[in-house]
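Provided below for reference: sequence and predicted model.
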Amino acid sequence: MNAKTGHGSKLPRKTEQAISALLHFPTIEEAAKSIGIAEATLSRWLKDPDFRSAYQEARRQTVEQATATLQQLTNSVAKTLKAIVEDDKAPASARVMACRTVLEMAQRGVEVEELTARVEALERAATSRNQGATPIRAAR
């Protein structure tokens, strides 16, 4: 299968439907049934590099959109956790869970910052080494 048509990178309608169905249904069987094709056909399409590439790109975009939505909620979530932690009338279990969540997220934040600093240091070191390196000449 060639997932590309003569109009640039536009996918055939059935292929687009299949990718959408795969993103919305938990099984290949349900996805295939929802668009009126055999499960074997969809399984075969999934083995095609062009189809698989288009499907993986659609999955990546879906995850990016979900991540953006979660990032937009971060401030609201932090305020909610803060309110629960500080609410003396909230059930103890809710306060403990909120405290635990805050501590875990703070720890992850520290770990990410430390990892980022280490990666940046490695990149600087690699760049410095590469700038001072002598070009390799081809042997004659």
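Arrived safely. Numbering: from 1, shown residues only.

could you use CA atoms for every contact and neighbour count after this?
OK.

hmm, who's touching stretch 32-44?
For stretch 32-44, the external contacting residues (CA atoms under 8 Å, 6 or more residues apart in numbering) are 14, 17-18, 21, 28-29.

put the buried members of these into a ChimeraX selection.
Here is the ChimeraX command that selects only those of the contacts of stretch 32-44 that count as buried (16 or more other CA atoms under 10 Å):
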select :17,18,21,28,29
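
tell me which of the contacts of stretch 32-44 fall in helices.
Counting by DSSP state H, these place 14, 17-18, 21, 28-29 in helices.

OK, contacts around residue 84?
Here residue 84 is in contact with 90, 94-95, 98 (CA under 8 Å, 6+ apart).

list only buried entries from those residues.
Buried members of the contacts of residue 84, counted by 16+ other CA under 10 Å: 95, 98.

one step back: next, format the contacts of stretch 32-44 as a markdown table and append distance to residue 79 and pLDDT.
Shown next, in a markdown table, are the contacts of stretch 32-44 (distance: CA to CA, whole Å; pLDDT from 0 to 100):
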| residue | distance to residue 79 | pLDDT |
| --- | --- | --- |
| 14 | 45 | 91 |
| 17 | 40 | 96 |
| 18 | 40 | 97 |
| 21 | 36 | 97 |
| 28 | 40 | 97 |
| 29 | 42 | 97 |
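
nearest to residue 117, of the contacts of stretch 32-44?
If you rank the contacts of stretch 32-44 by distance to residue 117 using CA to CA, residue 21 comes first, at 40.9 Å.

so the closest one is in contact with residue 15, correct?
No. Judged on CA atoms under 8 Å, residue 21 makes no contact with residue 15 at a distance of 9.7 Å.

quick one, what contacts residue 75?
No contacts exist for residue 75 under CA under 8 Å, 6+ apart.

then residue 96?
residue 85 are the contacts of residue 96 under CA under 8 Å, 6+ apart.

now it: how far from residue 15?
As judged by CA to CA, to the nearest Å, residue 96 and residue 15 stand 49 Å apart.

then residue 91?
Residue 91 is 51 Å from residue 15, where distance means CA to CA.

of those two, who's got more company?
Neighbour count, other CA atoms under 10 Å: between residue 91 and residue 15, residue 15 has more, with 19 against 10.

okay, helices next: where are they in the chain?
Assigned by DSSP H, the helices in the chain fall at 13-24, 28-35, 39-47, 49-86, 92-132.
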